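Colleague: Can you look at this prediction? I've put the sequence above it.
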Number of protein chains: 2
Amino acid sequence: MNYTKPYQPPTVTVDAVIFQLTNNVLEVLLVQRSKDPFSGAWALPGGYSAQGETTLEALAVKVSTKAGVDIHKDLKYIEQLYTFDSVARDPRGHAVSVTYMGCGLKIEPTKASETTQFFPVDSLPALAYDHKEIIRYAHERLSAKLTYTNAVYGLLPKQFTLTQLQTAYEAVFGRELDKRNFRKKFLTLDLIRETKEMFRVGAHRPAKLYEFNNQKLESLTRSFD
Amino acid sequence: MNYTKPYQPPTVTVDAVIFQLTNNVLEVLLVQRSKDPFSGAWALPGGYSAQGETTLEALAVKVSTKAGVDIHKDLKYIEQLYTFDSVARDPRGHAVSVTYMGCGLKIEPTKASETTQFFPVDSLPALAYDHKEIIRYAHERLSAKLTYTNAVYGLLPKQFTLTQLQTAYEAVFGRELDKRNFRKKFLTLDLIRETKEMFRVGAHRPAKLYEFNNQKLESLTRSFD
DNA sequence: GCAAAAGTGTTTGGGATACACCCATGC
DNA sequence: GCATGGGTGTATCCCAAACACTTTTGC
């Protein structure tokens, strides 16, 4: 390979789609841009990735700096999503973005403010770059992951009720599931076990609390959906 | 974002895992390196991706130059696989590789030679970089794609027999399937139609030829496996 | 006692699995 | 007529889907 000019790589950036569930609504973490391009618009937390660091390392730094979220402590699950590379996606010049998708729970960005917030995936503000497409793709991926893996654990507390579990699925899938069939099926998958704790809240019957046998990603023997 | 030093992006490369089926064996296209690093070892076709071109555009150029394969004409299916970015994967310096996975059929690299060949995925030569891992991952992805999409069309000619279809699955999955169950299931998926042609070869009953209704990727209503 | 969510079973239909023999052809 | 791969059916079991009422609690 001979280059007549010195080789000029594209800029490499990283972006994170961080989901969490709040009141049974799937939300995504965004930061508001204060500078051009897209000043005032909202964007996924992210930034440049430099030589000598992995994209995940770069992501950890950027997400911590820009949103006050520690991807290792605050997220229960993270995976690489896709690399977006269209030449026009950044008006300043060609930037290839390696994106990640992660799930957390009651994340409280230490930088929480009017410029760092979670938004419901179904009512996003105006977004910078191609971030709307990235979020759409991440949501699709998350939904797929819930159908064939135990990835829901990423969205739930350590102990949870079956109703919480079901509503997590419903929030991600965007549709309702049958309570009896859902419970029957999930319990036969052998992913969770009953605890001795009960969840008591409100004027109604308390619910058994369950926990996952395993907080690591595994494939289901029988898919959902 | 203020950088005290000028921002130095990692090198960006692209690599292609190109599969085809030859005599019911799943093969992958490799080129032999003539220079260090890894001189003499085999590698996936690929190379640098520069500013101003998408990674797929870069891939088309590199695969054509190095292996004489036109990814648009010779491949029936291609998708982005994953971005490999460990700092040590290239001994010359940090290089992030955006990889693609594709399928073709009777590809004849115009550069076919002792340094551009297909190898069975189960008996690969010594590989440069992390290309062994990339191939493993691509194989896994292909296998997954066959279970929940119609992606097999990428490995088959326009018209094919049910036995060819089944052996394509078997070659990718690496295990045998029951003939009667396979046929019954595939025919009820409504993905293929009978043609009026027959495949006549050898001293035995001729086989009906089928074709896909649709040569575009779609999800199956019921997964395999 | 009443409002609110938790918990629970049965029926039915469709698809997955297991399994072995006849058919059409070339030589 | 025989060797070779093409083509076919049935029984069983498991699971998905549909569907409504009772239980436990706080007030």
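Modeller: Yep, that arrived. Numbering: from 1, shown residues only, chains lettered A, B, ... in the order given.

Colleague: Look up the closest residue to A:Pro32, ignoring the ones flanking it.
Modeller: If you look again at residue A:32, you'll see it is Gln, not Pro. A:Thr115 (4.1 Å; Cβ to Cβ, 6 or more residues apart in numbering or on different chains). From N, CA and C alone the C-beta is placed, and that goes for glycine too.

Colleague: Identify the residues contacting that neighbour.
Modeller: A:Val31, A:Gln32, A:Ser34 (Cβ atoms under 8 Å, 6 or more residues apart in numbering or on different chains).

Colleague: of the residues you listed, closest to A:Ala151?
Modeller: A:Val31 (24.7 Å; Cβ to Cβ).

Colleague: Correct me if wrong: that closest one contacts A:Ala67.
Modeller: Yes. If you go by Cβ atoms under 8 Å, A:Val31 and A:Ala67 touch, sitting 5.5 Å apart.

Colleague: helices or strands up against the top helix by length along chain A?
Modeller: For chain A, the helix with the greatest residue count under DSSP state H is helix A:131-148. In terms of contacts (3 or more Cβ pairs under 8 Å, 6 or more residues apart in numbering or on different chains; DSSP states H and E), helix A:131-148 is packed against strand A:11-22, strand A:25-32, strand A:75-84, strand A:95-104, helix A:162-173.

Colleague: which residues sit against the shortest one?
Modeller: Right, strand A:25-32. Against strand A:25-32 from outside (Cβ under 8 Å, 6+ apart): A:16-21, A:40-45, A:66-67, A:69, A:107, A:109, A:114-122, A:124-125, A:127, A:135, A:138-139, A:171-172.

Colleague: are any of the residues you listed buried, and which?
Modeller: A:16-21, A:42-45, A:66-67, A:69, A:107, A:109, A:116-119, A:121, A:124, A:127, A:135, A:138-139, A:171-172 (16 or more other Cβ atoms under 10 Å in any protein chain shown).

Colleague: Let me see the contact set for A:Thr54.
Modeller: B:Asp85, B:Ser86, B:Val87.

Colleague: Kindly recompute the last result at 10 Å.
Modeller: By Cβ atoms under 10 Å, 6 or more residues apart in numbering or on different chains, the contact list for A:Thr54 reads A:Val14, A:Ala60, A:Val98, B:Pro10, B:Phe84, B:Asp85, B:Ser86, B:Val87, B:Arg89, B:His94, B:Val96.

Colleague: So the last one is in contact with A:Pro9, correct?
Modeller: It stands for B:Val96. Yes. B:Val96 is in contact with A:Pro9 according to Cβ atoms under 10 Å; the separation is 8.7 Å.

Colleague: Mind listing the shared neighbours of those two?
Modeller: A:Gln51, A:Val96, B:Pro9, B:Pro10, B:Thr11, B:Val12, B:Thr13, B:Ser49.

Colleague: which one of these sits closest to B:Thr195?
Modeller: Using Cβ to Cβ, the shared contacts of B:Val96 and A:Pro9 come closest to B:Thr195 at B:Ser49, 41.3 Å.

Colleague: hang on, isn't that closest one packed against B:Thr99?
Modeller: No. Counting by Cβ under 10 Å, B:Ser49 does not reach B:Thr99; the two are 11.3 Å apart.
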